[in-house]
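>>> I need the structure of the sequence given here:
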Amino acid sequence: MLKRTLSLVTGLALSLSALTAHAADTLRVSAIPDEAPTELLRKFKPLGAYLEQQLGMKVEFVPVADYPAVVEALATDRLDMAWLGGFTFVQVHLKTGNAIPLVQREQDAEFTSKFITSDPSVKSLADLKGKTFAFGSVSSTSGSLMPRYFMLKDGIKPEAYFSRVAYSGAHDATAAWVQAGKVDAGVLNASVWDKLVNSGKVDTNKVKVFATTPTYFDYNWTVRGTLDPALAEKIKQAFLALDPANPEHKAILDLQAASRFIATKPENYTGIEEAARAADLLK
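Below you'll find the predicted structure:
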């Protein structure tokens, strides 16, 4: 019986050791699901291959079901790095106290959201009183939090102002809802809007932008605070080394909708935290 118990304990120790070794040899990466899962994976593949080459280790993309799942996985060390919106970074940082934002795209220092409609009579938010409206995910910075914050500053409380408020779950879904007439108007991030227009996935004869928010800090690549600092620095330098003059690098940057990556810091997202508290989205 003792031998069997020792055997089981030894087997468990070996299993845990193997799991730890796998984790140490693999960078586990994810992203908030602000677009379709297939699109997130398509965008990440070349970046993942580049990081593998630069870091000398396997890089694995781990899809998640929703925004809170990314926050929880980073907080419990089940992910090493994630592409976060400003609000999800604030949530992770408050939950862990040590999550580190490494880099952001140049445009993320001055990000905006676009209000869109397929109703020709809508020229401003004033024309939407009593109509239907769609945000993206409730946890989205650019698809929910910041547009809501700016509306509140203008005296518009969405739930009282619109006849119905819905959440599409993702930026591309919001555009599809508006184009199909499922809602009268919606809001999504400027980067996804530009991509949908450039790829012909939204019909600009039907859907138009009628307003744009003021600028704010948004997306970043964040690592868990318990990650080896030397590895975190290597990851940061790999992003900063992406050069648009290099054709291979430019292909990676284009998929990330980035001109280049720049360093960022937690203090950049103080305004996001204040907006979330003002909107009662943080307790």
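>>> Make sure Ser118 is actually in contact with Val207.
Yes: assessed by Cβ atoms under 8 Å, Ser118 is found in contact with Val207 at 5.1 Å. Any C-beta I mention is one placed from the backbone N, CA and C, and that applies to glycine too.
>>> can you list residues touching both of the two?
178-179 (Cβ atoms under 8 Å, 6 or more residues apart in numbering).
>>> Just the strands from the chain, written as ranges.
Taking DSSP state E as the test, the strands found in the chain are 26-31, 58-61, 81-84, 100-105, 113-117, 132-135, 164-167, 185-189, 208-212, 220-223, 261-263.
>>> Leaving out the residues flanking it, which one is nearest to Ser163?
Gly130 (5.2 Å; Cβ to Cβ, 6 or more residues apart in numbering).
>>> buried ones in stretch 35-42?
Within stretch 35-42, the residues that count as buried by 16 or more other Cβ atoms under 10 Å are 35, 39-40.
>>> picking that back up, identify whichever of the strands of the chain lies nearest to Glu248.
strand 261-263 (15.2 Å; Cβ to Cβ).
>>> partners of the closest one, with directions?
With DSSP bridges as the test, strand 261-263 is paired with strand 100-105 (antiparallel).
>>> contact partners of the strand it pairs with?
81, 84, 89, 217-225, 227, 232, 235-236, 239-240, 256-266, 268-269.
>>> For Val71, state which of the buried residues of stretch 35-42 is nearest.
The nearest one, if we look at the buried residues of stretch 35-42 relative to Val71 and count by Cβ to Cβ, is Leu40, at 16.6 Å.
>>> which stretches of the protein have low pLDDT?
1-24 (pLDDT under 70).
>>> ok, so what distance separates Thr88 from Ala73?
Note on Thr88: its distance to Ala73, by Cβ to Cβ, to the nearest Å, is 11 Å.
>>> Appreciated, that's everything.
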